[in-house]
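J.: need a 3D model of the sequence below.
(chains A and B)
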Amino acid sequence: MSSRERILGRVRRALADVPRDDTPYERAVARDYLREHGERTVEETVDLLAENLADYRALVHRTDAAGLAGVVAGLLAARGASSVLVPPGLDEDWLASAEVARVADRAESTPHELDRVDSVVTACAVAIAETGTVVLDGSPDQGRRRITLVPDHHICVVRVPDQVVSSVPQALERLDPARPLTWISGPSATSDIELDRVEGVHGPRTLEVVLVG
Amino acid sequence: MSGTFVGMPVFPPPTHPAFPPPTHPAFPAAARNAVRDTTLRGNLRHATHTIRAKRANAVAEVSDWAELREAGKRIKDHTLRHLDRHLEQLEESVTAAGGTVHWAVDADEANRIVTELVKATGESEVVKVKSMATQETGLNEALEAEGIAAYETDLAELIVQLGEDRPSHILVPAIHRNRGEIREIFAREMSEWGRPAPEGLTDAPAELAEAARLHLREKFLRAKVGVSGANFMVAETGTLVVVESEGNGRMCLTLPETLISVVGIEKTVPTWRDLEVFLQTLPRSSTAERMNPYTSMWTGTTDEDGPRNFHLVLLDNGRTDALSDEVGRQALRCIRCSACLNVCPVYERAGGHAYGSVYPGPIGAILSPQLRGTGSEIDASLPYASSLCGACYEVCPVAIDIPEVLVHLRERVAQGGEVTRNGNKVVLKPAKGHAAERAAMRAARWAFARPGALRTGQRLASRTRRLHPRTLPGPGRAWSGTRDLPPVPAEPFRDWWQRTQGGKGAAK
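T.: Sure thing, here's the model as predicted:
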């Protein structure tokens, strides 16, 4: 007997007490929890996103479409970045004013090569106001998962209010589980020393979120 | 009402021949040493109290916590009640998405599968993201025996590994270490394993985190094989979810060419939508955050993004035995948030090591004896490692009634009965050490059923009360060693009631 058969057999024997006509899943789980917490206008939702991002030490900037290139260039300059990773589908206008070397997101790049790049600029798939989270789904304007991981400085552009939802349930509705997803809530952190939060371990230690709208 | 004695057993319970017991003393002996360690108690008190207040705030922020908790409980319960179906669906979804699914009946088989997979890559080192399942199977030791180095990359796991220590907490395995001790370990040990700690390292948490970042960076960047667990597996889509803080998880999940995830079968949830419950309750309950810094979700493999090979090892290792216990199976709802540890008065004083398991605290006290059986001294004593105060149940985000399961397991230890071990039904004998309690219970049952005998006995006890010893002789000695015997009144209650017409007559 294979281990698969053995385990499934054990499971079935263990569940001998469960009736065949057990309540179906759809009715067994009451989903009377909230779809979102509190009522907010679109503007207030964006404000909450900014507030919660900042609460977990992300640096939040707000601008409009015309000002975006200037803001991104300013952030890269302030950081002293000399190179920036660029996902293949990133809107070229976003980096129009930046005077840094562009490094393309390529399959052939080794992690060591990525480690030598100063910054990365991406878009996002969705942002969650209640939790201060941006979610990346590997779309062309966000690139491979590793490019937002190895460089120490991540600039993430969120189009507001279109890309902003209030809550986790609303975010999951918008996301495609078939894509590789990375949920980011503030810069890398740890609670491992005396259960107190300290920012900055392995992921980017500086997360800058630019809200454009 | 069951006649189960709910106090700590004072005799070592018998060992069950079928299960080699872990070489660990029973909880009372292990805890006795721990509570004498004032540094340990200080560290635990500081850490658990820090997180308690923060968690309460994070939970209070969501007005529908009770509903989320109930939904989480029901999702997990339903999954467990139909686990065979969900596992088959999960296997199908993961396979369709490009992953390979393996099944491991026990720890040895899981370790063998992983070892062979690593060997097939030709590599001799792996990077690991914190995983309770591989802690449970002792994977690191198994890999080491085959000449494969396994590097723990979670900060707390790194502290434990460098300190040649054992984990003492589910979420923060090095919770028993304070910053000064961590600095010592880093300064002393890092050079043995790779990049040494920076010169002049202080005990500032930010500096310690920086030292870990530098030390592990080279290992991440050259890693070809990653090993992980998972917090959730979605049967419907084949998606695995890892919830973390530091980014070491993302490193292990995306940089290597081969990813091997070892996951307990109970981590399954039926649908994608179910995540909306747990992604709200888990971070708030464990690290007291609205959301943890990083959550990774992947479904099989993705072209040119992340590992090219993905293996999922589904682990039983006692879970189906726990599943066959209708009361005890609720322990499998656990999402490993560790809120029950942080709130437990026994854990706070005894620390995690006393529990002799990778699962310490209240959840460990009900999980370990079910996964491993109650054959060893430590496992038979774990159901007693609690004051039954119920704080654990209160904070549990999936409403596991830990006190209920503790009492249920105590009954099993004391009275024996039918259980499932390694998939087979066996009948446990009552633990020998409880013979005196059982005799006392039998005598009580006899007396309570015979009012005449009870009356005579009570009067006799009252008249002789000056002669009573202050401690019990014989097998009762240990029991009364830490307790006062209740004083016997001068007159039995029923005599007083009759004499005074229920207190209406004389005031006395």
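
J.: can we go C-alpha only for contacts and neighbour counts from here?
T.: Fine.

J.: burial check on residue 117, number of neighbours?
T.: Answering for chain A, as no chain was given. 21 (other Cα atoms under 10 Å in any protein chain shown).

J.: ah, I was thinking of chain B
T.: B:Leu117 has 17 nearby residues by other Cα under 10 Å.

J.: that one: which element?
T.: helix B:107-121 (DSSP states H and E).

J.: in that helix, what counts as buried?
T.: B:Ala107, B:Glu109, B:Ala110, B:Asn111, B:Arg112, B:Ile113, B:Val114, B:Thr115, B:Leu117, B:Val118, B:Lys119 (16 or more other Cα atoms under 10 Å in any protein chain shown).

J.: possible to save those residues as CSV with distance to chain A and pLDDT?
T.: Formatted as CSV, the buried residues of helix B:107-121 follow (distance: Cα to the nearest Cα, whole Å; pLDDT from 0 to 100):
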residue, distance to chain A, pLDDT
B:Ala107, 12, 97
B:Glu109, 9, 98
B:Ala110, 11, 98
B:Asn111, 14, 98
B:Arg112, 13, 98
B:Ile113, 12, 98
B:Val114, 15, 98
B:Thr115, 17, 98
B:Leu117, 17, 98
B:Val118, 20, 98
B:Lys119, 21, 98
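
J.: so A:His61 lies in a strand, does it not?
T.: Yes. The assignment for A:His61 is a strand, going by DSSP: H, G, I helix; E, B strand; the rest coil.

J.: show me what the nearest residue to it once chain neighbours are set aside bridges to in the sheet.
T.: Nearest non-adjacent residue to A:His61, counting by Cα to Cα, 6 or more residues apart in numbering or on different chains: A:Val210, 4.7 Å away. Applying DSSP bridges to A:Val210 gives these bridge partners: A:His61, A:Val157.

J.: which residues touch A:Val210?
T.: A:Val60, A:His61, A:Arg62, A:Thr63, A:Ile155, A:Cys156, A:Val157, A:Val158 (Cα atoms under 8 Å, 6 or more residues apart in numbering or on different chains).

J.: pLDDT score for the third one?
T.: The per-residue pLDDT reported for A:Arg62 equals 98.

J.: distance of it from A:Trp94?
T.: Distance, A:Arg62 to A:Trp94, using Cα to Cα, to the nearest Å: 14 Å.

J.: the second one now?
T.: Relative to A:Trp94, A:His61 is positioned 14 Å away (criterion: Cα to Cα).

J.: centre-most residue in chain A?
T.: For chain A, the residue nearest the mean C-alpha position is A:Val135 (2.8 Å; Cα atoms, centre = their mean).

J.: tell me which of A:Arg62 and A:Trp94 has more neighbours.
T.: The residue with more neighbours, out of A:Arg62 and A:Trp94, is A:Trp94; 21 against 16, by other Cα under 10 Å.

J.: thinking again about what came up before, and the two most separated of the buried residues of helix B:107-121?
T.: Greatest spacing in these, by Cα to Cα: B:Ala107 and B:Lys119 (18.2 Å).

J.: excluding its backbone neighbours, what's nearest the residue in the stretch 301-450 of chain B that chain A sits nearest to?
T.: Closest contact between the stretch 301-450 of chain B and chain A, by Cα to the nearest Cα, is at B:Ser324 (3.9 Å). What sits nearest to B:Ser324 in space, not counting adjacent residues and going by Cα to Cα, 6+ apart, is A:Ala14, at 3.9 Å.

J.: all strands of chain B, in order?
T.: All strands of chain B, identified by DSSP state E, fall at B:100-104, B:125-128, B:149-152, B:225-228, B:232-234, B:239-244, B:258-264, B:268-269, B:294-299, B:309-315, B:417-421, B:424-428.

J.: below-threshold pLDDT in the stretch 301-450 of chain B: ranges please.
T.: B:433 (pLDDT under 70).

J.: dump the residue contacts of the residue nearest to the centre of chain A.
T.: By Cα under 8 Å, 6+ apart, the neighbours of A:Val135 are A:Cys124, A:Ala125, A:Val126, A:Ala127, A:Leu181, A:Thr182, A:Trp183, A:Ile184.

J.: can we see that at 6 Å?
T.: Contacts for A:Val135 (Cα atoms under 6 Å, 6 or more residues apart in numbering or on different chains) come out as A:Cys124, A:Ala125, A:Val126, A:Thr182, A:Trp183.

J.: contacts only, for the third one.
T.: Listed by Cα under 6 Å, 6+ apart, the contact set of A:Val126 reads A:Val135, A:Gln163, A:Val164.

J.: please tabulate the contacts of A:Val135 in TSV, including the columns secondary structure and pLDDT.
T.: TSV is the format used below for these (DSSP: H, G, I helix; E, B strand; the rest coil; pLDDT from 0 to 100):
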residue	secondary structure	pLDDT
A:Cys124	coil	98
A:Ala125	coil	98
A:Val126	strand	98
A:Thr182	strand	98
A:Trp183	strand	98
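
J.: up against chain B, what does chain A have?
T.: A:3-4, A:8, A:10-11, A:14, A:29, A:33, A:107, A:111-112, A:131, A:144, A:168-169, A:178, A:180-186, A:188-190, A:192, A:194-195, A:201-203 (Cα under 6 Å from any Cα of the partner chain).

J.: quick one on the thing from earlier: give the buried subset of the contacts of A:Val135 as a PyMOL selection command.
T.: In PyMOL, this line selects whichever of the contacts of A:Val135 come out buried by 16+ other Cα under 10 Å:
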select buried, chain A and resi 124+125+126+182+183
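
J.: need the contacts of A:Val135 in TSV with distance to B:Ser168, can you?
T.: Listed next are the contacts of A:Val135 as TSV, based on distance: Cα to Cα, whole Å:
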residue	distance to B:Ser168
A:Cys124	38
A:Ala125	38
A:Val126	37
A:Thr182	29
A:Trp183	28
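
J.: am I right that A:Ser191 is in a helix?
T.: No. Counting by three-state DSSP, A:Ser191 is not found in a helix; it is strand.

J.: the longest helix in the chain is where?
T.: I'll assume chain A. Secondary structure of chain A read by DSSP state H shows that its longest helix is helix A:42-55.

J.: I was thinking of chain B, sorry if that wasn't clear
T.: Under DSSP H, chain B gives helix B:38-60 as its longest helix.

J.: just the buried residues of that helix, please?
T.: B:40-41, B:43-48, B:51-52, B:54-55, B:58-59.

J.: columns distance to chain A and pLDDT on top of the residues you listed, output as TSV?
T.: As requested, these are exported to TSV (distance: Cα to the nearest Cα, whole Å; pLDDT from 0 to 100):
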residue	distance to chain A	pLDDT
B:Leu40	12	90
B:Arg41	13	91
B:Asn43	7	90
B:Leu44	8	92
B:Arg45	10	93
B:His46	7	90
B:Ala47	5	89
B:Thr48	8	92
B:Ile51	6	90
B:Arg52	10	93
B:Lys54	10	93
B:Arg55	11	95
B:Ala58	11	96
B:Val59	13	96
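
J.: and which of these is nearest B:Glu289?
T.: B:Ala58 (6.3 Å).

J.: A:Pro161 and chain B, how far apart?
T.: 21 Å (Cα to the nearest Cα, to the nearest Å).

J.: lowest-pLDDT helix or strand in chain A?
T.: strand A:196-199 (a mean of 80; mean pLDDT, DSSP states H and E).

J.: helices or strands up against that strand?
T.: Packed against strand A:196-199 by the contact rule (3 or more Cα pairs under 6 Å, 6 or more residues apart in numbering or on different chains; DSSP states H and E) you find strand A:189-193.

J.: and the strand it packs on, what other elements does it pack with?
T.: strand A:196-199.

J.: and the strand it packs on, what's buried?
T.: A:Arg197, A:Val198, A:Glu199.

J.: what about the residue in chain A that chain B sits nearest to, how many neighbours?
T.: Nearest residue of chain A to chain B, counting by Cα to the nearest Cα: A:Ala14, 3.9 Å away. Residues near A:Ala14, counting by other Cα under 10 Å, number 21.

J.: how much space between A:Asn207 and A:Gly200?
T.: Let me fix one detail, which is that residue A:207 is Leu and not Asn. A:Leu207 is 10 Å from A:Gly200, by Cα to Cα.
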